[in-house]
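[1] Build me a model from this:
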Amino acid sequence: MGLPGGWELILIVLVLVLLFGATKLPQMARSLGQSARVFKAEARGMKQDEEAAKKEKAEREQKPELTSGESSAPPVTSTVDEKQRNDSKN
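    Numbering: from 1, shown residues only. A predicted model of the protein is given here:
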């Protein structure tokens with residue numbers, strides 16, 4: 001079984017015209033075309049979202065993770081005054 005041929009296509013079109021009427025067919029075709037465009041746009045959007053998520057994941061993997069005891073802030077160093085106080089107490 002292959003695709004419908006010439007007479008079969010004519011018969012299908014006639015049945016569609018009888019079922020839906022000649023005025024409804026252009027509206028249905030227009031609606032189908034709009035639906036196809038929306039579907040393609042959404043598919044492209046999903047692909048872009050997936051690519052952005054992959055980039056974000058790759059960036060997170062490149063940055064070193066902090067362990068529970070580490071901080072991203074620089075270590076605190078004591079000032080000269082604190083060192084002098086500690087020396088005077090000893």
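[2] Could you use CA atoms for every contact and neighbour count after this?
    OK.
[3] Find the least confident helix or strand in the protein, judged by mean pLDDT.
    helix 80-89 (a mean of 65; mean pLDDT, DSSP states H and E).
[4] If you average the pLDDT over the helix or strand harbouring Leu25, what comes out?
    Using DSSP states H and E, Leu25 sits within helix 24-62. Helix 24-62 comes out with an average pLDDT of 90.
[5] If you tally nearby residues, what's the number for Val13?
    13 (other CA atoms under 10 Å).
[6] Which strand or helix spans it?
    helix 6-20.
[7] and that helix with helix 24-62, angle?
    100 degrees (axes from the mean of the first three to the mean of the last three CA atoms, to 10 degrees).
[8] Show me which residues of helix 6-20 are buried.
    Buried residues in helix 6-20, counted by 16 or more other CA atoms under 10 Å: none are found.
[9] Just the CA atoms of it, as PDB, please.
    Output of helix 6-20 as PDB, limited to C-alpha atoms (Å, rounded to 0.1, in the frame of the first residue of the first chain):
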ATOM      1  CA  GLY A   6      -4.900  10.800  -8.500                       C
ATOM      2  CA  TRP A   7      -8.500   9.400  -8.300                       C
ATOM      3  CA  GLU A   8      -8.100   8.600  -4.700                       C
ATOM      4  CA  LEU A   9      -7.000  12.100  -3.800                       C
ATOM      5  CA  ILE A  10      -9.900  13.600  -5.800                       C
ATOM      6  CA  LEU A  11     -12.300  11.300  -3.900                       C
ATOM      7  CA  ILE A  12     -10.800  12.300  -0.500                       C
ATOM      8  CA  VAL A  13     -11.100  16.000  -1.400                       C
ATOM      9  CA  LEU A  14     -14.700  15.600  -2.400                       C
ATOM     10  CA  VAL A  15     -15.500  13.800   0.900                       C
ATOM     11  CA  LEU A  16     -13.900  16.600   2.800                       C
ATOM     12  CA  VAL A  17     -15.900  19.200   1.000                       C
ATOM     13  CA  LEU A  18     -19.100  17.300   1.600                       C
ATOM     14  CA  LEU A  19     -18.300  16.900   5.300                       C
ATOM     15  CA  PHE A  20     -17.000  20.400   6.200                       C
END
